[in-house]
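**Student:** sequence first, then the predicted structure, then my questions.
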Amino acid sequence: MAASALMEAPEDIVHNRLFMSILESSFDGIWIADHKGDTLYVNTAYERITGLRREQLVGRNMRDLLAEKLFEHSTVLVVLEKKIPASIIHKYVTGRIALATGNPVFNETGDIIMVVCNVRDISELIKLRNEVETTKNLSNKYSHELFQLRQQQMDNSGVVSTSKAMKRVIELALKTAPFDNTVLIQGDSGTGKEVMAKFIHQQSFRREAPFIKVNCAAIPATLVESELFGYAKGSFTGANHQGKPGMFELAQGGTILLDEIGEVPLEVQAKLLRVLQEKEVFPIGAKEPVKLDVRILASTNRNLSDQVQKGKFREDLFYRLNVIPITIPPLKERKEDIPGFVYYFLEKHNKRYKKQKTIPLEVVDIFSNYAWPGNVRELENLIEYLFIISTGDEIGLEHLPPRLVTAGLNLDEVNAPGQLQLIVDYVEKQVISSSLRNHGSIRKAAAALGVNPSTLVRKIQKYRIKADA
Ligand SMILES: Nc1ncnc2c1ncn2[C@@H]1O[C@H](COP(=O)(O)OP(=O)(O)OP(=O)(O)O)[C@@H](O)[C@H]1O
(Lines give C-alpha, C1' and ligand atoms only; values in the text may rest on other atoms or scores of the structure.)
Protein backbone atom coordinates (compact mmCIF):
# COMPACT_ATOMS: atom_id res chain seq x y z
CA MET A 1 0.00 0.00 0.00
CA ALA A 2 2.70 2.49 1.07
CA ALA A 3 4.77 1.70 -2.05
CA SER A 4 1.85 2.21 -4.42
CA ALA A 5 0.76 5.27 -2.45
CA LEU A 6 4.15 6.86 -3.06
CA MET A 7 3.64 6.52 -6.78
CA GLU A 8 0.63 8.82 -6.52
CA ALA A 9 0.64 12.61 -6.39
CA PRO A 10 0.90 13.99 -2.81
CA GLU A 11 -2.63 15.35 -2.97
CA ASP A 12 -3.94 11.94 -3.95
CA ILE A 13 -2.02 10.23 -1.21
CA VAL A 14 -3.53 12.36 1.51
CA HIS A 15 -6.96 11.75 0.05
CA ASN A 16 -6.58 8.01 0.05
CA ARG A 17 -9.09 6.92 2.72
CA LEU A 18 -7.17 3.99 4.10
CA PHE A 19 -4.05 6.04 4.31
CA MET A 20 -5.98 8.82 6.05
CA SER A 21 -7.41 6.50 8.63
CA ILE A 22 -3.90 5.24 9.44
CA LEU A 23 -2.64 8.79 9.85
CA GLU A 24 -5.64 9.72 11.98
CA SER A 25 -5.09 6.81 14.34
CA SER A 26 -1.50 7.85 15.05
CA PHE A 27 -0.89 9.01 18.61
CA ASP A 28 1.88 11.31 17.36
CA GLY A 29 0.99 14.44 15.43
CA ILE A 30 1.55 14.35 11.68
CA TRP A 31 1.98 17.27 9.34
CA ILE A 32 2.43 16.78 5.63
CA ALA A 33 3.60 19.54 3.33
CA ASP A 34 4.39 19.48 -0.37
CA HIS A 35 7.66 20.47 -2.08
CA LYS A 36 6.71 24.16 -1.95
CA GLY A 37 5.98 24.08 1.77
CA ASP A 38 2.20 24.20 1.38
CA THR A 39 0.41 22.32 4.12
CA LEU A 40 -1.49 19.33 2.73
CA TYR A 41 -2.61 17.68 5.88
CA VAL A 42 -2.42 17.71 9.71
CA ASN A 43 -3.94 14.97 11.84
CA THR A 44 -6.06 15.19 14.98
CA ALA A 45 -3.15 14.26 17.21
CA TYR A 46 -1.30 17.30 15.88
CA GLU A 47 -4.18 19.53 16.96
CA ARG A 48 -4.20 17.90 20.39
CA ILE A 49 -0.46 18.26 20.88
CA THR A 50 0.04 21.79 19.56
CA GLY A 51 -3.31 23.39 20.35
CA LEU A 52 -3.46 24.69 16.73
CA ARG A 53 -6.46 23.95 14.50
CA ARG A 54 -6.37 22.38 11.05
CA GLU A 55 -8.31 25.25 9.54
CA GLN A 56 -5.48 27.58 10.53
CA LEU A 57 -2.93 25.42 8.71
CA VAL A 58 -4.16 23.30 5.80
CA GLY A 59 -3.64 24.94 2.42
CA ARG A 60 -1.31 27.57 3.89
CA ASN A 61 2.34 27.95 3.08
CA MET A 62 4.82 27.36 5.83
CA ARG A 63 6.54 30.73 5.25
CA ASP A 64 3.27 32.57 5.88
CA LEU A 65 2.57 30.58 9.00
CA LEU A 66 6.06 31.36 10.21
CA ALA A 67 5.51 35.06 9.47
CA GLU A 68 2.33 34.91 11.54
CA LYS A 69 4.48 33.50 14.35
CA LEU A 70 2.38 30.39 14.92
CA PHE A 71 5.73 28.79 15.71
CA GLU A 72 9.29 30.02 15.90
CA HIS A 73 10.93 27.66 13.40
CA SER A 74 9.81 25.43 10.60
CA THR A 75 11.06 21.85 10.36
CA VAL A 76 9.50 21.57 6.91
CA LEU A 77 11.53 24.49 5.54
CA VAL A 78 14.73 23.10 7.03
CA VAL A 79 14.08 19.72 5.41
CA LEU A 80 13.22 21.33 2.08
CA GLU A 81 16.34 23.41 2.16
CA LYS A 82 18.81 20.77 3.38
CA LYS A 83 17.12 17.75 1.82
CA ILE A 84 17.80 15.67 4.87
CA PRO A 85 15.72 14.71 7.95
CA ALA A 86 15.67 17.30 10.74
CA SER A 87 14.45 17.42 14.35
CA ILE A 88 13.51 20.65 16.10
CA ILE A 89 11.88 21.41 19.44
CA HIS A 90 9.06 23.84 18.74
CA LYS A 91 7.37 26.33 20.92
CA TYR A 92 3.92 27.08 19.51
CA VAL A 93 1.93 30.27 19.80
CA THR A 94 -0.38 28.31 22.12
CA GLY A 95 2.47 27.88 24.61
CA ARG A 96 2.79 24.14 23.93
CA ILE A 97 6.17 22.57 23.28
CA ALA A 98 6.73 19.55 21.03
CA LEU A 99 9.49 17.77 19.16
CA ALA A 100 8.98 17.74 15.38
CA THR A 101 10.97 15.39 13.16
CA GLY A 102 10.64 16.04 9.43
CA ASN A 103 11.53 13.50 6.74
CA PRO A 104 11.78 14.27 3.03
CA VAL A 105 9.96 11.99 0.57
CA PHE A 106 11.70 11.82 -2.82
CA ASN A 107 10.39 10.86 -6.28
CA GLU A 108 12.27 8.59 -8.72
CA THR A 109 14.34 11.52 -10.02
CA GLY A 110 15.48 12.43 -6.50
CA ASP A 111 13.33 15.54 -6.06
CA ILE A 112 11.44 16.14 -2.84
CA ILE A 113 7.74 15.69 -3.40
CA MET A 114 6.69 16.16 0.17
CA VAL A 115 7.83 16.44 3.77
CA VAL A 116 6.25 14.31 6.46
CA CYS A 117 6.63 15.66 9.97
CA ASN A 118 6.13 13.58 13.02
CA VAL A 119 5.30 15.71 16.05
CA ARG A 120 5.76 14.24 19.49
CA ASP A 121 4.35 15.63 22.69
CA ILE A 122 7.34 16.18 24.95
CA SER A 123 5.58 18.14 27.67
CA GLU A 124 5.74 15.04 29.89
CA LEU A 125 9.43 14.73 29.12
CA ILE A 126 9.99 18.40 29.83
CA LYS A 127 8.02 18.09 33.05
CA LEU A 128 10.22 15.16 34.02
CA ARG A 129 13.35 17.05 33.03
CA ASN A 130 12.23 20.01 35.17
CA GLU A 131 11.50 17.66 38.03
CA VAL A 132 14.95 16.08 37.71
CA GLU A 133 16.45 19.56 37.59
CA THR A 134 14.52 20.62 40.71
CA THR A 135 15.47 17.41 42.49
CA LYS A 136 19.09 17.92 41.49
CA ASN A 137 19.03 21.48 42.82
CA LEU A 138 17.36 20.31 46.01
CA SER A 139 19.87 17.52 46.44
CA ASN A 140 22.71 20.03 45.94
CA LYS A 141 21.08 22.31 48.46
CA TYR A 142 20.64 19.49 50.97
CA SER A 143 24.16 18.19 50.54
CA HIS A 144 25.43 21.74 51.07
CA GLU A 145 23.29 22.05 54.20
CA LEU A 146 24.48 18.64 55.37
CA PHE A 147 28.07 19.72 54.86
CA GLN A 148 27.44 22.91 56.84
CA LEU A 149 25.67 20.95 59.54
CA ARG A 150 28.58 18.56 59.72
CA GLN A 151 31.01 21.48 59.89
CA GLN A 152 28.90 22.95 62.67
CA GLN A 153 28.85 19.64 64.49
CA MET A 154 32.61 19.45 64.08
CA ASP A 155 32.98 22.87 65.64
CA ASN A 156 30.59 21.98 68.46
CA SER A 157 32.38 18.75 69.11
CA GLY A 158 35.70 20.63 69.38
CA VAL A 159 37.57 18.86 66.63
CA VAL A 160 39.86 21.32 64.90
CA SER A 161 40.60 20.47 61.28
CA THR A 162 41.87 22.80 58.59
CA SER A 163 44.31 20.65 56.69
CA LYS A 164 43.24 18.40 53.84
CA ALA A 165 44.68 15.44 55.71
CA MET A 166 42.48 16.08 58.76
CA LYS A 167 39.44 16.79 56.63
CA ARG A 168 39.90 13.35 55.06
CA VAL A 169 40.14 11.81 58.54
CA ILE A 170 36.95 13.60 59.63
CA GLU A 171 35.16 12.55 56.44
CA LEU A 172 36.06 8.90 57.10
CA ALA A 173 35.03 9.18 60.76
CA LEU A 174 31.67 10.65 59.70
CA LYS A 175 31.15 7.84 57.21
CA THR A 176 31.79 5.12 59.76
CA ALA A 177 29.95 6.84 62.64
CA PRO A 178 26.41 5.53 61.88
CA PHE A 179 27.62 1.91 61.71
CA ASP A 180 28.73 -0.52 64.38
CA ASN A 181 31.98 -1.73 62.83
CA THR A 182 35.24 -1.66 64.76
CA VAL A 183 37.61 1.17 63.95
CA LEU A 184 41.34 1.08 64.52
CA ILE A 185 42.68 4.59 65.09
CA GLN A 186 46.43 4.84 64.66
CA GLY A 187 48.72 7.80 65.14
CA ASP A 188 51.61 9.09 67.24
CA SER A 189 51.05 10.09 70.84
CA GLY A 190 49.10 13.33 71.20
CA THR A 191 47.80 13.44 67.63
CA GLY A 192 44.17 13.27 68.74
CA LYS A 193 43.19 9.58 68.61
CA GLU A 194 40.94 9.85 71.65
CA VAL A 195 39.41 13.05 70.28
CA MET A 196 38.58 11.15 67.09
CA ALA A 197 37.11 8.19 68.98
CA LYS A 198 34.86 10.55 70.97
CA PHE A 199 33.90 12.29 67.75
CA ILE A 200 32.78 8.97 66.21
CA HIS A 201 30.78 8.22 69.37
CA GLN A 202 29.17 11.68 69.36
CA GLN A 203 28.19 11.32 65.72
CA SER A 204 26.69 7.84 66.24
CA PHE A 205 23.25 6.81 67.46
CA ARG A 206 25.00 5.77 70.69
CA ARG A 207 25.82 9.37 71.61
CA GLU A 208 23.47 9.41 74.62
CA ALA A 209 24.96 6.18 76.01
CA PRO A 210 28.36 5.94 77.79
CA PHE A 211 31.73 6.42 76.12
CA ILE A 212 34.23 4.36 78.09
CA LYS A 213 37.95 4.69 77.49
CA VAL A 214 40.20 1.91 78.76
CA ASN A 215 43.90 2.62 78.80
CA CYS A 216 45.14 -0.91 78.25
CA ALA A 217 48.76 0.13 78.92
CA ALA A 218 47.89 1.48 82.37
CA ILE A 219 46.31 -1.74 83.68
CA PRO A 220 48.74 -4.32 85.12
CA ALA A 221 48.79 -7.43 82.90
CA THR A 222 47.33 -9.56 85.72
CA LEU A 223 44.30 -7.29 86.04
CA VAL A 224 43.50 -6.62 82.39
CA GLU A 225 41.05 -9.49 82.19
CA SER A 226 39.07 -8.61 85.33
CA GLU A 227 39.07 -4.91 84.42
CA LEU A 228 37.77 -5.57 80.92
CA PHE A 229 35.41 -8.46 81.54
CA GLY A 230 34.58 -8.09 85.25
CA TYR A 231 34.15 -10.95 87.65
CA ALA A 232 31.28 -12.83 89.22
CA LYS A 233 30.32 -12.91 92.91
CA GLY A 234 32.98 -14.56 95.10
CA SER A 235 34.99 -15.65 92.11
CA PHE A 236 38.45 -15.18 93.61
CA THR A 237 40.04 -14.31 96.94
CA GLY A 238 40.49 -10.62 97.48
CA ALA A 239 37.81 -9.78 94.96
CA ASN A 240 34.77 -7.73 95.82
CA HIS A 241 32.13 -10.09 97.27
CA GLN A 242 29.42 -8.65 95.10
CA GLY A 243 31.38 -9.19 91.91
CA LYS A 244 32.26 -6.32 89.58
CA PRO A 245 31.15 -5.41 86.07
CA GLY A 246 33.94 -5.03 83.55
CA MET A 247 34.52 -2.04 81.32
CA PHE A 248 32.64 -3.71 78.47
CA GLU A 249 29.53 -4.02 80.62
CA LEU A 250 29.89 -0.43 81.77
CA ALA A 251 29.86 0.63 78.14
CA GLN A 252 26.55 -1.22 77.43
CA GLY A 253 24.59 0.63 74.75
CA GLY A 254 27.54 2.92 74.09
CA THR A 255 31.10 2.85 72.84
CA ILE A 256 34.29 1.46 74.34
CA LEU A 257 37.71 2.75 73.31
CA LEU A 258 40.52 0.26 73.87
CA ASP A 259 43.38 2.74 74.03
CA GLU A 260 46.93 1.40 73.57
CA ILE A 261 45.48 -1.88 72.31
CA GLY A 262 49.00 -2.94 71.30
CA GLU A 263 49.87 -3.37 74.99
CA VAL A 264 47.25 -6.05 75.71
CA PRO A 265 48.89 -9.38 76.69
CA LEU A 266 48.54 -12.18 74.14
CA GLU A 267 46.28 -14.35 76.37
CA VAL A 268 43.84 -11.47 76.77
CA GLN A 269 43.99 -10.79 73.03
CA ALA A 270 42.46 -14.25 72.43
CA LYS A 271 39.59 -13.37 74.76
CA LEU A 272 39.13 -10.00 73.11
CA LEU A 273 38.83 -11.72 69.77
CA ARG A 274 36.03 -13.85 71.23
CA VAL A 275 34.26 -10.73 72.52
CA LEU A 276 34.44 -9.20 69.05
CA GLN A 277 33.17 -12.34 67.38
CA GLU A 278 30.47 -13.39 69.82
CA LYS A 279 29.46 -9.96 71.09
CA GLU A 280 29.45 -11.27 74.64
CA VAL A 281 31.81 -11.34 77.64
CA PHE A 282 32.45 -14.02 80.19
CA PRO A 283 33.13 -12.32 83.53
CA ILE A 284 35.76 -14.24 85.51
CA GLY A 285 34.06 -17.05 87.41
CA ALA A 286 30.70 -16.50 85.72
CA LYS A 287 28.64 -19.43 84.45
CA GLU A 288 26.80 -17.49 81.80
CA PRO A 289 28.13 -14.97 79.30
CA VAL A 290 26.84 -11.40 79.29
CA LYS A 291 25.45 -10.24 75.94
CA LEU A 292 26.98 -6.99 74.75
CA ASP A 293 25.58 -4.10 72.77
CA VAL A 294 28.76 -2.07 72.55
CA ARG A 295 30.64 -0.48 69.70
CA ILE A 296 34.33 -1.23 69.93
CA LEU A 297 36.98 1.28 68.89
CA ALA A 298 40.69 0.68 69.39
CA SER A 299 43.65 3.02 69.23
CA THR A 300 47.39 2.66 69.29
CA ASN A 301 50.53 4.66 68.70
CA ARG A 302 52.39 1.52 67.72
CA ASN A 303 52.49 0.11 64.25
CA LEU A 304 50.20 -2.86 64.87
CA SER A 305 51.08 -4.70 61.69
CA ASP A 306 54.74 -4.60 62.80
CA GLN A 307 53.62 -6.01 66.14
CA VAL A 308 51.86 -8.78 64.23
CA GLN A 309 55.08 -9.51 62.30
CA LYS A 310 56.99 -9.72 65.56
CA GLY A 311 54.43 -12.15 66.97
CA LYS A 312 53.39 -9.71 69.69
CA PHE A 313 49.90 -9.11 68.37
CA ARG A 314 47.45 -11.71 67.06
CA GLU A 315 46.94 -11.46 63.36
CA ASP A 316 43.26 -12.51 63.53
CA LEU A 317 42.54 -9.83 66.15
CA PHE A 318 44.41 -7.26 64.07
CA TYR A 319 42.22 -7.94 61.04
CA ARG A 320 39.11 -7.99 63.18
CA LEU A 321 39.95 -4.55 64.59
CA ASN A 322 41.26 -3.07 61.40
CA VAL A 323 37.92 -3.06 59.54
CA ILE A 324 38.09 0.70 59.11
CA PRO A 325 41.60 2.01 59.74
CA ILE A 326 41.90 5.70 60.54
CA THR A 327 45.40 7.13 60.68
CA ILE A 328 45.93 10.56 62.17
CA PRO A 329 49.07 12.16 60.77
CA PRO A 330 51.60 13.82 63.09
CA LEU A 331 51.18 17.58 63.51
CA LYS A 332 54.36 18.34 61.57
CA GLU A 333 52.73 16.79 58.50
CA ARG A 334 49.66 19.03 58.73
CA LYS A 335 51.01 22.41 59.69
CA GLU A 336 47.97 24.15 58.21
CA ASP A 337 46.15 22.97 61.36
CA ILE A 338 48.51 24.91 63.69
CA PRO A 339 46.87 28.38 63.51
CA GLY A 340 43.44 26.80 64.10
CA PHE A 341 44.72 24.94 67.14
CA VAL A 342 46.49 28.03 68.52
CA TYR A 343 43.33 30.15 68.40
CA TYR A 344 41.11 27.29 69.56
CA PHE A 345 43.19 26.65 72.69
CA LEU A 346 43.78 30.35 73.33
CA GLU A 347 40.04 31.04 73.15
CA LYS A 348 39.38 28.24 75.60
CA HIS A 349 41.63 29.97 78.16
CA ASN A 350 40.35 33.46 77.31
CA LYS A 351 36.79 32.30 77.95
CA ARG A 352 37.65 30.45 81.09
CA TYR A 353 39.66 33.28 82.65
CA LYS A 354 37.71 36.12 81.03
CA LYS A 355 40.79 37.51 79.28
CA GLN A 356 41.45 38.75 75.77
CA LYS A 357 44.97 37.59 75.13
CA THR A 358 46.19 37.41 71.57
CA ILE A 359 49.07 35.76 69.77
CA PRO A 360 50.43 37.69 66.79
CA LEU A 361 50.83 35.96 63.46
CA GLU A 362 54.63 36.14 63.49
CA VAL A 363 54.65 34.00 66.64
CA VAL A 364 52.26 31.51 65.05
CA ASP A 365 54.57 31.46 62.01
CA ILE A 366 57.42 30.37 64.24
CA PHE A 367 55.27 27.49 65.51
CA SER A 368 55.08 26.22 61.96
CA ASN A 369 58.85 25.75 61.85
CA TYR A 370 58.90 23.56 64.92
CA ALA A 371 58.64 19.75 64.67
CA TRP A 372 56.11 19.19 67.50
CA PRO A 373 57.31 15.79 68.72
CA GLY A 374 54.47 15.81 71.28
CA ASN A 375 51.97 16.73 68.55
CA VAL A 376 48.71 18.53 69.43
CA ARG A 377 49.12 17.80 73.14
CA GLU A 378 52.46 19.67 73.15
CA LEU A 379 50.91 22.62 71.33
CA GLU A 380 47.97 22.66 73.74
CA ASN A 381 50.33 22.64 76.75
CA LEU A 382 52.47 25.37 75.20
CA ILE A 383 49.47 27.67 74.75
CA GLU A 384 48.53 27.10 78.37
CA TYR A 385 52.12 27.89 79.44
CA LEU A 386 52.21 31.07 77.32
CA PHE A 387 48.81 32.13 78.63
CA ILE A 388 50.04 31.84 82.20
CA ILE A 389 53.48 33.41 81.90
CA SER A 390 52.54 36.39 79.71
CA THR A 391 51.55 39.33 81.85
CA GLY A 392 50.03 41.62 79.23
CA ASP A 393 47.39 40.89 76.64
CA GLU A 394 49.82 40.05 73.87
CA ILE A 395 51.82 36.86 73.87
CA GLY A 396 55.11 37.69 72.14
CA LEU A 397 58.30 36.09 70.95
CA GLU A 398 59.96 36.89 74.26
CA HIS A 399 57.60 34.46 75.97
CA LEU A 400 58.52 31.51 73.80
CA PRO A 401 60.54 28.73 75.40
CA PRO A 402 64.05 28.26 73.92
CA ARG A 403 63.25 25.06 72.05
CA LEU A 404 60.81 26.95 69.90
CA VAL A 405 62.95 29.99 69.25
CA THR A 406 66.08 28.09 68.40
CA ALA A 407 64.49 25.22 66.55
CA GLY A 408 61.93 27.43 64.90
CA LEU A 409 64.11 30.20 63.60
CA ASN A 410 65.53 30.07 60.18
CA LEU A 411 67.87 33.02 60.58
CA ASP A 412 68.04 33.57 56.83
CA GLU A 413 64.33 34.06 56.68
CA VAL A 414 63.51 35.95 59.84
CA ASN A 415 60.33 37.79 59.11
CA ALA A 416 59.35 39.55 62.29
CA PRO A 417 59.29 43.31 61.76
CA GLY A 418 60.71 45.20 64.73
CA GLN A 419 61.52 41.99 66.57
CA LEU A 420 64.88 41.12 65.06
CA GLN A 421 66.99 42.49 67.93
CA LEU A 422 64.74 40.68 70.38
CA ILE A 423 65.26 37.42 68.55
CA VAL A 424 69.02 37.93 68.26
CA ASP A 425 69.27 38.73 71.98
CA TYR A 426 67.12 35.78 72.87
CA VAL A 427 69.16 33.34 70.83
CA GLU A 428 72.43 34.82 72.17
CA LYS A 429 71.24 34.40 75.72
CA GLN A 430 70.23 30.77 75.11
CA VAL A 431 73.55 29.95 73.43
CA ILE A 432 75.62 31.52 76.24
CA SER A 433 73.57 29.80 78.97
CA SER A 434 73.90 26.42 77.34
CA SER A 435 77.63 26.92 76.69
CA LEU A 436 78.21 27.86 80.35
CA ARG A 437 76.30 24.78 81.43
CA ASN A 438 78.28 22.54 79.10
CA HIS A 439 81.75 23.95 79.86
CA GLY A 440 81.42 24.81 83.54
CA SER A 441 83.55 28.01 83.47
CA ILE A 442 83.55 31.41 81.78
CA ARG A 443 87.05 30.89 80.37
CA LYS A 444 86.21 27.53 78.73
CA ALA A 445 82.81 28.73 77.49
CA ALA A 446 84.42 31.89 75.99
CA ALA A 447 87.03 29.75 74.24
CA ALA A 448 84.35 27.44 72.85
CA LEU A 449 82.33 30.38 71.60
CA GLY A 450 85.39 32.13 70.15
CA VAL A 451 85.00 35.35 72.20
CA ASN A 452 87.04 37.12 74.88
CA PRO A 453 86.21 36.13 78.47
CA SER A 454 85.63 39.85 79.19
CA THR A 455 83.10 40.05 76.33
CA LEU A 456 81.36 37.00 77.70
CA VAL A 457 81.21 38.53 81.21
CA ARG A 458 79.62 41.67 79.73
CA LYS A 459 76.97 39.62 77.97
CA ILE A 460 76.31 37.52 81.08
CA GLN A 461 75.63 40.78 82.93
CA LYS A 462 73.55 42.19 80.08
CA TYR A 463 71.32 39.13 79.97
CA ARG A 464 71.39 38.61 83.72
CA ILE A 465 72.37 34.99 83.26
CA LYS A 466 72.45 33.35 86.66
CA ALA A 467 75.62 31.72 88.04
CA ASP A 468 73.98 28.27 88.15
CA ALA A 469 73.42 28.42 84.39
N1 LIG B 1 41.63 17.76 66.21
C2 LIG B 1 41.66 18.19 67.49
N3 LIG B 1 40.85 19.18 67.88
C4 LIG B 1 40.88 19.66 69.16
N5 LIG B 1 41.72 19.18 70.09
C6 LIG B 1 42.56 18.21 69.76
C7 LIG B 1 42.56 17.66 68.44
N8 LIG B 1 43.52 16.70 68.38
C9 LIG B 1 44.05 16.64 69.59
N10 LIG B 1 43.49 17.54 70.44
C11 LIG B 1 43.86 17.79 71.84
O12 LIG B 1 45.18 17.30 72.02
C13 LIG B 1 45.30 16.54 73.19
C14 LIG B 1 45.78 15.14 72.83
O15 LIG B 1 44.74 14.48 72.14
P16 LIG B 1 44.38 12.93 72.40
O17 LIG B 1 44.44 12.61 73.85
O18 LIG B 1 43.14 12.63 71.68
O19 LIG B 1 45.63 12.27 71.67
P20 LIG B 1 46.01 10.73 71.57
O21 LIG B 1 46.51 10.54 70.19
O22 LIG B 1 44.86 9.89 72.02
O23 LIG B 1 47.21 10.66 72.60
P24 LIG B 1 47.85 9.35 73.31
O25 LIG B 1 48.31 8.44 72.22
O26 LIG B 1 49.00 9.93 74.07
O27 LIG B 1 46.78 8.78 74.15
C28 LIG B 1 43.95 16.50 73.86
O29 LIG B 1 43.94 17.41 74.94
C30 LIG B 1 42.99 16.96 72.79
O31 LIG B 1 41.98 17.75 73.35
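**Tutor:** Now that the structure is in, tell me what you want to look at.
**Student:** other residues contacting the helix or strand harbouring Glu47?
**Tutor:** In this assignment (DSSP states H and E), Glu47 forms part of helix 44-50. For helix 44-50, the external contacting residues (C-beta atoms under 8 Å, 6 or more residues apart in numbering) are 24, 26-31, 52-54, 90, 92, 94, 96, 98, 119-121. In this view, the C-beta of every residue, glycine as well, is placed from N, C-alpha and C.
**Student:** now, which of the residues you listed lie within helices?
**Tutor:** Among the contacts of helix 44-50, the members falling in helices are Glu24, Arg54 (criterion: DSSP state H).
**Student:** drop anything exposed from the contacts of helix 44-50.
**Tutor:** Asp28, Gly29, Ile30, Trp31, Leu52, His90, Tyr92, Arg96, Ala98, Val119, Arg120, Asp121 (16 or more other C-beta atoms under 10 Å).
**Student:** what's across from the fourth one in the sheet?
**Tutor:** Partner residues in beta bridges with Trp31: Val42, Cys117, with DSSP bridges as the criterion.
**Student:** now do the contacts for it.
**Tutor:** Thr39, Tyr41, Val42, Asn43, Tyr46, Leu57, Val76, Ala100, Val116, Cys117, Val119.
**Student:** verify the contact between the first one and Met62 for me.
**Tutor:** Which is Thr39. Yes - the pair Thr39 / Met62 is scored as a contact, 6.9 Å apart, by C-beta atoms under 8 Å.
**Student:** give me the common contacts of these two.
**Tutor:** The contact sets of Thr39 and Met62 overlap at Ala33 (C-beta under 8 Å, 6+ apart).
**Student:** got the buried residues for stretch 317-336?
**Tutor:** So for stretch 317-336, counting by 16+ other C-beta under 10 Å, buried means Leu317, Phe318, Arg320, Leu321, Asn322, Ile324, Ile326, Ile328, Pro329, Pro330, Leu331, Arg334.
**Student:** now those residues in CSV, with distance to Ile84 and secondary structure?
**Tutor:** Listed next are these as CSV, based on distance: C-beta to C-beta, whole Å; DSSP: H, G, I helix; E, B strand; the rest coil:
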residue, distance to Ile84, secondary structure
Leu317, 71, helix
Phe318, 68, helix
Arg320, 67, helix
Leu321, 67, helix
Asn322, 63, coil
Ile324, 58, strand
Ile326, 61, strand
Ile328, 64, strand
Pro329, 62, coil
Pro330, 67, coil
Leu331, 68, helix
Arg334, 61, coil
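**Student:** nearest to the ligand among the residues you listed?
**Tutor:** Ile328 (6.7 Å; C-beta to the nearest ligand atom).
**Student:** leaving out chain neighbours, which residue sits closest to the closest one?
**Tutor:** Nearest residue to Ile328, sequence neighbours excluded (C-beta to C-beta, 6 or more residues apart in numbering): Gly187, at 3.4 Å.
**Student:** and the protein, which residues reach the ligand?
**Tutor:** Counting by C-beta under 6 Å from any ligand atom, the residues of the chain close to the ligand are 158-161, 187, 189-195, 259, 301, 376-377, 380.
**Student:** so for Ser390, what pLDDT did the model give?
**Tutor:** At Ser390, the pLDDT value in this model is 85.
**Student:** settle this for me: it is touching Gly396, isn't it.
**Tutor:** Yes - here Ser390 reaches Gly396: they are 7.4 Å apart, a contact under C-beta under 8 Å.
**Student:** could you measure from the residue of the chain at minimum distance from the ligand over to Val376?
**Tutor:** Closest to the ligand within the chain is Gly192: 2.5 Å, counting by C-beta to the nearest ligand atom. Separation of Gly192 from Val376 (C-beta to C-beta, to the nearest Å): 5 Å.
**Student:** now Phe211
**Tutor:** Taking C-beta to C-beta, one finds Phe211 at 19 Å from Val376.
**Student:** how many neighbouring residues does the nearest residue to Ala286 once chain neighbours are set aside have?
**Tutor:** Computed as C-beta to C-beta, 6+ apart, the closest residue to Ala286 that is not its neighbour in sequence is Ala232, at 4.0 Å. Residues near Ala232, counting by other C-beta atoms under 10 Å, number 18.
**Student:** so what's Ala232 up against?
**Tutor:** By C-beta under 8 Å, 6+ apart, the neighbours of Ala232 are Gly243, Pro283, Ile284, Gly285, Ala286, Lys287.
**Student:** who wins on neighbours among these?
**Tutor:** Pro283 (24 neighbours).
**Student:** bridged to the residue nearest to that residue when sequence neighbours are not counted, which residues?
**Tutor:** Nearest non-adjacent residue to Pro283, counting by C-beta to C-beta, 6+ apart: Gly230, 4.1 Å away. Counting by DSSP bridges, Gly230 is bridged to Pro245.
**Student:** Gly230 touches Lys244, doesn't it?
**Tutor:** Yes - here Gly230 reaches Lys244: they are 5.2 Å apart, a contact under C-beta under 8 Å.
**Student:** which of these two has more neighbours?
**Tutor:** Gly230 (23 against 19).
**Student:** quick one, what contacts the more buried one?
**Tutor:** Gly243, Lys244, Pro245, Gly246, Phe248, Glu249, Val281, Pro283, Ile284, Val290.
**Student:** go again using 10 Å as the cut-off
**Tutor:** Counting by C-beta atoms under 10 Å, 6 or more residues apart in numbering, Gly230 touches 243-250, 281-286, 290.
**Student:** separation between it and Leu292?
**Tutor:** For Gly230, the distance to Leu292 - C-beta to C-beta - is 12 Å.
**Student:** mutual contacts of those two, please.
**Tutor:** Contacts common to Gly230 and Leu292, judged by C-beta under 10 Å, 6+ apart, are Phe248, Glu249, Val281.
**Student:** so who does the last one touch?
**Tutor:** Neighbouring residues of Val281 by C-beta under 10 Å, 6+ apart: 228-230, 245-249, 271-272, 274-275, 289-292, 294.
**Student:** give me that answer again for 8 Å
**Tutor:** Val281 touches Leu228, Phe229, Gly230, Gly246, Phe248, Glu249, Val275, Pro289, Val290, Leu292, counting by C-beta under 8 Å, 6+ apart.
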